[in-house]
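> structure here, sequence nowhere to be found:
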C-alpha cells in the first residue's frame, strides 16, 4: 500500500495549528484573553512564548540515508531502483513512487563519498481492475454466548486467514467502524471505503477472495459481512530518477541548509536585549504580552515570523502551517523553534 507522506515541515507546524484550536475565538485582541476554548477566565493577559530546542546533529545526519540502509528506510525495492537507475537502466513503479520522495520531503542517499537525490517522474497511466474488500453489518459477539447466526461454520476468525487477508480485514474494519460515525479514519490505508488488494501475492494467497471464501469474518469480537467488488483504478506509472548533487560533506550540508533552514541569526548582529531573549528561549522559553518590546520584535523579525507582529494574526499566522515553527541556524548551531500563545495563568 502507498504511504501517505507527512512532511517534516508539516509536522513542525502541528504545534502551531494546535495552539490555534486552543486559542480559537480570542485572537482579535492582544490585550486580554477572550472566551476561547482552553482559557481559564477572561481576565488574564495572553503571552506569545518562544521556545528554542537545540539540535546536536548535522542536517546530513538527519536527512541523508546510507545506501545500505535504504531498504529499511524506504520501500523494500528502493535499493534495487537506485542501482538500476544509477547503471543507466529504467526502473518503474506503479501507483506508488519508488523512493517515497517528494519536493517537501526529499530522499538523499550517500554512497562512496557521493550524495544523490532520489526522485521520480510520472511517465504513463495504467488501468487496473482490483478487488476491494468492504466489511458491513458489524455485530458484536458475546464471548460467553453462542449465537446461531455467527457459528464457526459461517464466520471465520481474522487470525485464521492468510497474512494478506489479515491486513485487509484490519484496514477494512477501520473503515467499517468509522462509517456513519464521528471520528477519523486512516485514509492513507483505507481506500474507497475499504481495502484495495494491490499485491499479487496477497491476491493469489487470499482466502477471502476465493470462490468459496467466507461470507462473514470476525475481528475484535465483531462479526462482519464480507463484501468484495472488482473495481477499476487509474494509476500513475513512475520512473525512478537518481541525480548526483554533492561530492563532499560540506557541499551536502549547504544544500540541506538551503532546503530546510527557515531562518539564520548572526549572533554578532543581535543587541544585548535580543541576545537575552534568545538565551531565555533556549531555557524554559521566553514570554511577552502585546505590545512586544523592540528586542522581541527584533527576534521575531529575524525568524521571519512577521505574521505575529502585524496584520491579522489569526489568519496570517495560524492558517498557514509554515508559520509558528521551523529550523533556525543560530551562529553555527541548529535549533528548532516554536511559537505559541499562552495565558498568563499558564505562563
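In hand now; what should we look at? Everything numeric here is computed off the predicted structure, so don't read it as measured data.
> and the strands in the stretch 151-300 of the chain?
For the stretch 151-300 of the chain, applying DSSP state E, counting those that start in this stretch gives strands covering 155-157, 195-196, 216-219, 222-246, 263-265, 286-289.
> now mean pLDDT too, for those strands, in JSON lines please.
Shown next, in JSON lines, are those (pLDDT from 0 to 100):
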{"stretch": "strand 155-157", "mean pLDDT": "93"}
{"stretch": "strand 195-196", "mean pLDDT": "98"}
{"stretch": "strand 216-219", "mean pLDDT": "96"}
{"stretch": "strand 222-246", "mean pLDDT": "97"}
{"stretch": "strand 263-265", "mean pLDDT": "97"}
{"stretch": "strand 286-289", "mean pLDDT": "94"}
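> of all these, which one is nearest residue 206?
strand 222-246 (9.5 Å; C-beta to C-beta). Backbone N, C-alpha and C define where each C-beta goes, glycine included.
> re earlier: right, and the strands of the stretch 151-300 of the chain - which one's nearest residue 275?
Using C-beta to C-beta, those put strand 263-265 closest to residue 275, at 10.0 Å.
> other residues contacting the closest one?
Applying C-beta atoms under 8 Å, 6 or more residues apart in numbering, the contact partners of strand 263-265 are 278, 299, 302-304, 326-331, 337.
> for residue 253, state which of these is nearest.
Of the contacts of strand 263-265, the one sitting nearest to residue 253 (C-beta to C-beta) turns out to be residue 329, at 10.7 Å.
> quick one: the contacts of strand 263-265 as a markdown table, columns for secondary structure, pLDDT and neighbour count too.
As requested, the contacts of strand 263-265 are exported to a markdown table (DSSP: H, G, I helix; E, B strand; the rest coil; pLDDT from 0 to 100; neighbours: other C-beta atoms under 10 Å):
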| residue | secondary structure | pLDDT | neighbour count |
| --- | --- | --- | --- |
| 278 | helix | 97 | 22 |
| 299 | helix | 98 | 27 |
| 302 | helix | 97 | 18 |
| 303 | coil | 96 | 22 |
| 304 | coil | 94 | 14 |
| 326 | strand | 95 | 22 |
| 327 | strand | 97 | 21 |
| 328 | strand | 98 | 20 |
| 329 | strand | 98 | 18 |
| 330 | strand | 97 | 20 |
| 331 | coil | 94 | 12 |
| 337 | strand | 97 | 24 |
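> mind putting those residues into CSV with distance to residue 212?
Listed next are the contacts of strand 263-265 as CSV, based on distance: C-beta to C-beta, whole Å:
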residue, distance to residue 212
278, 70
299, 69
302, 69
303, 64
304, 63
326, 57
327, 57
328, 62
329, 63
330, 66
331, 69
337, 60
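> ok, so of those residues, who is nearest residue 93?
Distances from residue 93 to these, taken as C-beta to C-beta, are shortest for residue 327 (30.8 Å).
> pretty sure the closest one sits against residue 260.
Yes. Under the criterion of C-beta atoms under 8 Å, residue 327 makes contact with residue 260 at 5.6 Å.
> the helices in the stretch 51-200 of the chain, which residues?
Taking DSSP state H, counting those that start in this stretch, the helices of the stretch 51-200 of the chain run over residues 59-63, 70-73, 78-86, 163-178, 200-205.
> quick one: those as TSV, columns for mean pLDDT, mean neighbour count and distance to residue 235 too.
As requested, those are exported to TSV (pLDDT from 0 to 100; neighbours: other C-beta atoms under 10 Å; distance: least, C-beta to C-beta, whole Å):
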stretch	mean pLDDT	mean neighbour count	distance to residue 235
helix 59-63	96	16	29
helix 70-73	86	16	23
helix 78-86	97	20	17
helix 163-178	95	20	18
helix 200-205	96	12	14
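> could you dump these into JSON lines with distance to residue 109 added?
Shown next, in JSON lines, are these (distance: least, C-beta to C-beta, whole Å):
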{"stretch": "helix 59-63", "distance to residue 109": "10"}
{"stretch": "helix 70-73", "distance to residue 109": "6"}
{"stretch": "helix 78-86", "distance to residue 109": "7"}
{"stretch": "helix 163-178", "distance to residue 109": "29"}
{"stretch": "helix 200-205", "distance to residue 109": "27"}
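> quick one: closest of these to residue 219.
Evaluated over the helices of the stretch 51-200 of the chain, closeness to residue 219 peaks at helix 163-178, with 5.0 Å, by C-beta to C-beta.
> by how many degrees do the closest one and strand 222-246 diverge?
110 degrees (axes from the mean of the first three to the mean of the last three C-alpha atoms, to 10 degrees).
> check which helices and strands helix 163-178 sits against.
strand 114-140, strand 195-196, helix 200-205, strand 216-219, strand 222-246 (3 or more C-beta pairs under 8 Å, 6 or more residues apart in numbering; DSSP states H and E).
> quick check on the residue nearest to residue 326 when sequence neighbours are not counted: phi, psi?
Once flanking residues are discounted, residue 326 sits nearest to residue 262: 3.4 Å by C-beta to C-beta, 6 or more residues apart in numbering. With angles defined as degrees, to the nearest 10, residue 262 sits at phi -90, psi -30.
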